[in-house]
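**Student:** Attaching a predicted model along with its sequence, questions to come.
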Amino acid sequence: MTKLAVCPGSFDPITNGHLDIVRRGLCVFDKVIIAVGHNPLKPDLFTTEEKLEMIRKSVEGHPHISVDSFEGLLVNYIERIGACAILRGLRVISDFELELQLALMNRRLCDRIETFFLMTDFNNLFVSSTIIKATASAGGSVKGLVPEPVLEKLKEKFPSMSIQ
Ligand code: ADP
């Protein structure tokens, strides 16, 4: 049986931290779907279409990673596509509280789906979509922290951003 995991998030935009979690998830899962959802608590810079385009270009040609978006309850989406797991990343202790709440709520909503966490890599410990946007909008370089298609799109949004 194919073990399918969903890595959900707002991905506004996707970073090398997210991609690292997805790639490492493939040690355990046969396939990982990066699923763009809307987080009502976070204001978005990019539209869902822009996010999907950046992610698709970033994982182009990878046979075991696919890209999708969903609306409504994550567990309903996961059941509909026949996946069995949620894959999330953890950076610092402050991530833990929210991730625990989300995992427990998702489990309460559907106990056939398990949430799996991977610890971030040293290189991505301080990488978040929020800090990327804040740095890029102020003209700073985020090279090496996001995939190339994201760098290009950020440059479009923030022409003053350094690309060194
Ligand atoms: P959400 O709005 O649902 O938190 P995000 O796009 O911010 O969506 O994050 C999706 C997942 O990726 C979360 O589990 C988050 O903790 C994880 N993540 C984000 N940045 C990193 C990183 N640098 N290293 C590891 N995991 C990360």
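**Tutor:** Structure's in. What do you need?
**Student:** Quickly check: stretch 68-84 near the ligand or not.
**Tutor:** No: Stretch 68-84 does not reach the ligand (Cβ under 6 Å from any ligand atom); its nearest approach is 9.3 Å. Every C-beta, even on glycine, is put in place using the N, C-alpha and C of the backbone.
**Student:** Give me the distance from that stretch to the chain's centre.
**Tutor:** 15 Å (Cα atoms, centre = their mean, to the nearest Å).
**Student:** Residue numbers of the chain in contact with the ligand?
**Tutor:** With Cβ under 6 Å from any ligand atom as the criterion, the chain comes near the ligand at residues 9-11, 15, 17-18, 21, 39, 42, 88-89, 91, 95, 120, 124, 127-129.
**Student:** Among those residues, which are located in helices?
**Tutor:** 17, 18, 21, 95, 129 (DSSP state H).
**Student:** burial of the third one, as a residue count?
**Tutor:** Taking other Cβ atoms under 10 Å as the neighbour definition, residue 21 ends up with a count of 25.
**Student:** What ranges does the protein have for its strands?
**Tutor:** Using DSSP state E, the strands assigned to the chain run over residues 4-9, 31-36, 65-69, 85-90, 114-119.
**Student:** Out of those strands, the one nearest residue 49 is which?
**Tutor:** strand 65-69 (8.8 Å; Cβ to Cβ).
**Student:** Tell me which residues are up against the closest one.
**Tutor:** Residues from elsewhere that reach strand 65-69, judged by Cβ atoms under 8 Å, 6 or more residues apart in numbering: 22-23, 26, 31-37, 48, 51-52, 55-56, 59, 81.
**Student:** can you put the strands of the chain in TSV and add mean neighbour count and mean pLDDT?
**Tutor:** TSV is the format used below for the strands of the chain (neighbours: other Cβ atoms under 10 Å; pLDDT from 0 to 100):
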stretch	mean neighbour count	mean pLDDT
strand 4-9	22	98
strand 31-36	22	98
strand 65-69	18	98
strand 85-90	20	98
strand 114-119	15	97
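**Student:** As JSON lines, those with distance to residue 152 would be great.
**Tutor:** Listed next are those as JSON lines, based on distance: least, Cβ to Cβ, whole Å:
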{"stretch": "strand 4-9", "distance to residue 152": "21"}
{"stretch": "strand 31-36", "distance to residue 152": "18"}
{"stretch": "strand 65-69", "distance to residue 152": "17"}
{"stretch": "strand 85-90", "distance to residue 152": "24"}
{"stretch": "strand 114-119", "distance to residue 152": "27"}
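**Student:** mind listing what residue 29 touches?
**Tutor:** Residues 3, 4, 5, 85, 87 are the ones in contact with residue 29 under the rule Cβ under 8 Å, 6+ apart.
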